[in-house]
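J.: No sequence on hand, only this structure:
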């Protein structure tokens with residue numbers, strides 16, 4: 001969890017400085033930061049969706065700004081997860097196991113699905 005805590009601390013410093021430079025209120029408590037993060041997540045997902053629409057079936061790997069937008073979404077999710085005590089990597093591993101089990105229950109194997 002230490003990596004995520006460092007990430008969150010760095011992101012918080014940046015967000016605080018940016019809000020202050022824009023004369024906007026800085027969240028004062030954990031609830032306010034969580035609300036801020038949720039709004040930020042919606043904003044970042046929206047920006048990512050706009051890029052996908054803009055590139056409309058063109059090869060995505062030709063557009064490096066997609067990397068940045070995907071990273072923005074991942075960073076905000078890491079902040080939210082860290083705030084509520086969830087480690088992302090183990091949570092993703094657990095979810096992948098659930099999905100593999102569902103594939104088996106549907107009569108498929110993971111090899112067939114890839």
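T.: Ah, there it is. Keep in mind that this is a model prediction, so the values were computed, not measured.

J.: Could you give me the buried positions within the helix or strand harbouring residue 42?
T.: Taking DSSP states H and E as the definition, residue 42 sits inside helix 30-55. Burial within helix 30-55, assessed by neighbour count using 16 or more other Cβ atoms under 10 Å, is assigned to 33, 36, 37, 40, 41, 44, 48. In short, each C-beta sits where N, CA and C put it, glycine included.

J.: got it, and stretch 66-81?
T.: So for stretch 66-81, counting by 16+ other Cβ under 10 Å, buried means 69, 72, 73, 75, 76, 77, 78, 79, 80, 81.

J.: how about these in JSON lines, adding pLDDT?
T.: Converted to JSON lines, the buried residues of stretch 66-81 look like this (pLDDT from 0 to 100):
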{"residue": "69", "pLDDT": "91"}
{"residue": "72", "pLDDT": "94"}
{"residue": "73", "pLDDT": "95"}
{"residue": "75", "pLDDT": "92"}
{"residue": "76", "pLDDT": "93"}
{"residue": "77", "pLDDT": "92"}
{"residue": "78", "pLDDT": "89"}
{"residue": "79", "pLDDT": "88"}
{"residue": "80", "pLDDT": "90"}
{"residue": "81", "pLDDT": "88"}
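
J.: Among these, name the ones in helices.
T.: 69, 72, 73, 75, 76, 77, 78, 79, 80, 81 (DSSP state H).

J.: List just the nearest of these to residue 107.
T.: Each of those was checked against residue 107 using Cβ to Cβ; the closest is residue 77, at 32.3 Å.

J.: That closest one contacts residue 40, correct?
T.: No. Assessed by Cβ atoms under 8 Å, residue 77 is found out of contact with residue 40, at 10.2 Å.

J.: how is this structure carved up into domains?
T.: Structural domains assigned to the chain are 2-83, 88-114, following automatic domain parsing.

J.: Of the ones you listed, which shows the lowest average pLDDT?
T.: Mean pLDDT is lowest for domain 88-114 out of the domains of the chain, coming in at a mean of 82.
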